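Engineer: Model the following, please.
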Amino acid sequence: MEKRRVVITGMGTVNPIGHNVAESWQAVRDGVCGIGPITQYDSSAQKVHLAAEVKDWDPTAVIDKREVRHMARYTQFAVASAKEAVADSGVDLDSVDRTRCGVIVSSGIGGISTTESEQTRCLQRGFDKASPFYIPSSIANMAAGQIAIAFGFKGMCTCPVTACAGGSNAVGDAFRHIRDGYAEVMLCGGAEACVTPLSIGGFTSMRALHVGDDPARASIPFDAERDGFVMGEGAGILLLEEYEHAKARGAKIYAEVVGYGATCDAYHITAPAPNGEGGARAMQQALDDAGVAASEVDYINAHGTSTPLNDSGETAAIKAVFGQHAYELAVSSTKSMTGHMLGAAGAVEAIFTALALEDGFIPATINYKTPDPACDLDYVPNEGRKAGLRYALSNSLGFGGHNACVLFKKWEG
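Structural biologist: Numbers count the residues shown, from 1 in each chain. Next up is the predicted model:
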């Protein structure tokens, strides 16, 4: 069977640097840092005081107030982003076969803030007094479920839970689902909201988070002084569409999805395999899937978490796949601006990668200061730049050894 083409026709996001795509992309172009002191709870008794929070969030501006009461924060972000993506796509939902429309939305942890608040409440009142909405609002698949309900999408609806690779797995899986003939339209991406005492404490105790108080030296991917990531939150949702379906309705197309690779390190519960071996295989898979040579890739939106092992391992993986061309392409981490949104990261970064292709602009790795001999590629330090781009790769690597890479092509008609 001939593989069908898949294009991006709608996008939506809520994240630490914007409440929609236009605002977020302008912030990326301007190199805005979304990191600041934690405001959602009193963090004074903990070591970590910084996070990349969604600012001034009022879900009732985009979601009915009655529905908001039964949605965890991560689901609110996802539904708001999905509404933007559908509106942006211009698709007439009354004219599509909704049994051929699906949803794949990841979350690494789901509604953990709801779990924490219910635990506290039940310790005081008894566990049989738990809210009847606790389970259906907190489980990790509910963002996908709520989006399907909101738009009546009756095709495949699922939630890959692959830690920090989840958002990219969702986009890649949706791409394959359309390409292989199972759907015409898919809403896909990821959502996360775990700036909470337990989440921050858990990541702090495993020494994964940065513990300083200077936002400008907190999330510093590929910098020699990096020492941990900054927790972020938000959502990114893309509307993927089979090309002929999009063409028939005259849809605006942002970019084409052309390749996807997914692998496992099978090595360690948190540490990446030496030299990023699993990530390298995922990148090569994405290239092979698209039939694209490594020399044709112009830009990589790196996983780039600002942890010592990830950034050096990812750099080694890029060199293994791209050889000498690794020194000629651009590599940047937008986590320097957004922090690490876990299950939402790959989805928001897919949006930024598609816009980089459309706009001919490479995002910067902001707040970069001290070179690391183990990280010696072009990380687009501190200032983004205009560039003619044709192919761009987005990398996501997660705890458990999960690796997902999606390859995008500039839309050329």
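Engineer: need the next SSE after the longest helix belonging to the chain, C-terminal direction.
Structural biologist: If you go by DSSP state H, the chain has its longest helix at helix 73-89. Elements were assigned by DSSP states H and E; along the chain past helix 73-89, the next helix or strand is strand 101-106.
Engineer: for the helix or strand following that next one, packing partners?
Structural biologist: Downstream of strand 101-106, the next assigned helix or strand under DSSP H and E is helix 112-125. Where contact means 3 or more Cβ pairs under 8 Å, 6 or more residues apart in numbering; DSSP states H and E, helix 112-125 is packed against helix 134-138, helix 197-205. In this view, the C-beta of every residue, glycine as well, is placed from N, C-alpha and C.
Engineer: could I get those helices as JSON lines with mean neighbour count, distance to Asp88 and mean pLDDT?
Structural biologist: Converted to JSON lines, the helices and strands packed on helix 112-125 look like this (neighbours: other Cβ atoms under 10 Å; distance: least, Cβ to Cβ, whole Å; pLDDT from 0 to 100):
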{"stretch": "helix 134-138", "mean neighbour count": "18", "distance to Asp88": "27", "mean pLDDT": "96"}
{"stretch": "helix 197-205", "mean neighbour count": "17", "distance to Asp88": "31", "mean pLDDT": "98"}
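Engineer: how about those, which one is nearest Val28?
Structural biologist: Val28 lies closest to helix 197-205 among these, at 24.8 Å (Cβ to Cβ).
Engineer: which residues sit against the closest one?
Structural biologist: The contact list for helix 197-205, computed with Cβ atoms under 8 Å, 6 or more residues apart in numbering, reads 38, 41, 43, 46-48, 51, 109, 112, 116, 209, 211, 231.
Engineer: ok, now with 10 Å
Structural biologist: Helix 197-205 has contacts (Cβ atoms under 10 Å, 6 or more residues apart in numbering) with 38, 40-43, 45-51, 108-109, 112-113, 115-116, 119, 192-194, 196, 208-211, 228-229, 231, 233, 340, 342.
Engineer: Which of these fall within helices?
Structural biologist: Per DSSP H, the subset of the contacts of helix 197-205 in helices is Ile112, Ser113, Thr115, Glu116, Gln119.
Engineer: among the contacts of helix 197-205, which are in strands?
Structural biologist: Using DSSP state E, Leu50, Ala51, Glu192 are the members of the contacts of helix 197-205 that sit in strands.
Engineer: shaky segments in the stretch 1-150 of the chain?
Structural biologist: 1 (pLDDT under 70).
Engineer: that older thread, show me just the buried residues among the contacts of helix 197-205.
Structural biologist: Applying 16 or more other Cβ atoms under 10 Å to the contacts of helix 197-205, the neighbour count classes 38, 40, 43, 48, 50-51, 108-109, 112-113, 115-116, 192-194, 196, 208-210, 228-229, 231, 233, 340, 342 as buried.
Engineer: how close does Phe354 get to Glu184?
Structural biologist: You called it Phe, but residue 354 is Ala. Separation of Ala354 from Glu184 (Cβ to Cβ, to the nearest Å): 19 Å.
Engineer: what's the first-to-last distance across stretch 122-135?
Structural biologist: Taking Cα to Cα, to the nearest Å, stretch 122-135 runs 14 Å from one end to the other.
Engineer: tell me the angle of the longest helix of the chain relative to strand 101-106?
Structural biologist: Interaxial angle of helix 73-89 relative to strand 101-106 (axes from the mean of the first three to the mean of the last three Cα atoms, to 10 degrees): 140 degrees.
Engineer: Look up how far Phe175 lies from Cys405.
Structural biologist: From Cys405 to Phe175 the distance is 12 Å (Cβ to Cβ).
Engineer: next one: Ile253
Structural biologist: For Ile253, the distance to Phe175 (Cβ to Cβ) stands at 14 Å.
Engineer: Would you map the strands across this structure?
Structural biologist: Under DSSP E, the chain gives strands at 6-14, 36-37, 50-51, 101-106, 157-158, 185-192, 234-242, 255-264, 299-301, 330-332, 361-362, 385-386, 391-398, 402-410.
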